[in-house]
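> Fold the following and give me the result.
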Amino acid sequence: MTIKSKITLALRNFFKKFGKIIFIALLVWIIIFIFNMYLRNLPEQLVATNTYDPDDPVIEYGGRVPENEQSSVNETLESYLNYCKNKEYENAFNMLTDDCKNFLYENNIENFKTYVDNVFTTYNNYSYNQNYSNVNNKYIYDVTILNNDILSTGTTGGYDKYEEKITIVNEDDGTKKISNQGYIENEEIGIDAEDDNIRVRINSKDMSYTRVGYNLTITNKTDRTIVIADNEASKEVTLNVNGYYQNAINIDSINAVLAPGETKDLQFVFDRFYDSQDNDSAFNFNYIRVLQNYTAGMSLSSQEEQAIRIYSFNISLN
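Predicted coordinates for the structure are as follows:
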């Protein structure tokens, strides 16, 4: 048998044995190719997908979005997201609440532009699958934004996924506004307290979905340095939540040390869910140190040696 005949016979045997498998694999490849070509030719647009009932909250407390609000709530959310997608910065910025503008962007549209450009890049699909929670006429949605050329690749692998909670707020004049990046609102408090050493005013609290930040003005009334908190001791500042003490989580990023006669504005942040039904009952300074001498970075033991007085100071929030 010639070499040519041997090759021909081998090929016939190969296709006889594996021909059906090769045909199926080729057919699958053709189907995938055609489907990808179809995806490539879809128009580039912001696609909203709702895989659940968008008005049925994940957190049962607060109930469903009222029927008479559902249409306007969804329209508000979609308008805002499309303004961001299309880089209509001013229109999107004007939809934000004043609290949100001030807290997140220092009331500066340039800061907001930076946020939009970082989150809404080239190809964007968004999904607000389900209303997450409703509290005090505020409707909180979990929003997912996908940044990738998903239409061209025909795949959902490797895309850039960004998630945040966006709240629709009913304003006093009946309009609806947006609060984004998980932030919800600022609530005025106005509680004053003092002793021989310090004067404290709890001005307000900034509430995000998972955290609360209490805004305080503290004055040192003495001619000594006072350490409110410097992360040297444990549980220096706590929030009493229904008898459970929550530690401030940002002590290491603020300078809660007051020179003689000094006044500081400080925000103490705590983990706290906005839609929890718990009650914040007291704000606690648990280890105030009034010192004869102080240098930055002093250890706790050195502070205790220099202490004229060490004590706690609690402020009722009720």
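> For Leu317, which non-adjacent residue is closest in space?
Spatial nearest neighbour of Leu317, excluding adjacent residues (Cβ to Cβ, 6 or more residues apart in numbering): Asp280 at 5.2 Å. The way it works is simple: take the backbone N, C-alpha and C, and place the C-beta from them, glycine included.
> what residue ranges in this protein are flagged as low confidence?
1-20, 22-28, 33, 35-67, 122-124, 126-132, 147-160 (pLDDT under 70).
> part of a helix, is Val116?
Yes - judged by DSSP: H, G, I helix; E, B strand; the rest coil, Val116 forms part of a helix.
> Spit out the contact partners of it.
Val116 makes contact with Cys84, Lys87, Tyr89, Ala92 under the criterion Cβ atoms under 8 Å, 6 or more residues apart in numbering.
> What ranges does the stretch 101-250 of the chain have for its strands?
For the stretch 101-250 of the chain, strands defined by DSSP state E, counting those that start in this stretch occupy the ranges 124-135, 138-147, 160-170, 176-179, 183-194, 198-208, 211-220, 225-229, 237-241, 244-247.
> Tell me which of those sits nearest to Gln292.
strand 225-229 (8.5 Å; Cβ to Cβ).
> In its sheet, which strands sit next to that closest one, and in what direction?
Using DSSP bridges, strand 225-229 pairs in its sheet with strand 256-258 (antiparallel), strand 280-291 (antiparallel).
> what's next to it, contact-wise?
Contacts for strand 225-229 (Cβ under 8 Å, 6+ apart): 197-198, 218, 220, 236-237, 248, 251, 254, 256-260, 266, 285, 287-291, 293-294, 303.
> Tell me the buried residues within these.
Among those, those classed as buried by neighbour count (16 or more other Cβ atoms under 10 Å) are 197-198, 218, 220, 236-237, 248, 251, 254, 256-258, 266, 285, 287-291, 294, 303.
> Who are the contact partners of the residue nearest to Ser316 when sequence neighbours are not counted?
Counting by Cβ to Cβ, 6+ apart, Ser316 lies nearest to Ala282, which is 5.4 Å off, once chain neighbours are set aside. Residues near Ala282 by Cβ under 8 Å, 6+ apart: Leu239, Asn240, Asn314, Ile315, Ser316, Leu317.
> Bridging across strands, which residues link to the second one?
When you say that, I think you mean Asn240. Tyr245, Ala282.
> how far away is it from Leu317?
In this view, Asn240 and Leu317 are 8 Å apart by Cβ to Cβ, to the nearest Å.
> Please enumerate the shared neighbours of those two.
Shared contacts of Asn240 and Leu317 (Cβ under 8 Å, 6+ apart): Asp280, Ser281, Ala282, Phe283.
> Pull the most distant pair out of these.
Ser281 and Phe283 (9.1 Å).
> what's near enough to touch Lys205?
Taking Cβ under 8 Å, 6+ apart as the contact definition, Lys205 lies against Asn186, Glu187, Ile189, Val212, Gly213, Tyr214, Asn215.
> Apply the buried test to these and list what passes.
The buried subset of the contacts of Lys205 - by 16+ other Cβ under 10 Å - is Asn186, Ile189, Val212, Gly213, Tyr214, Asn215.
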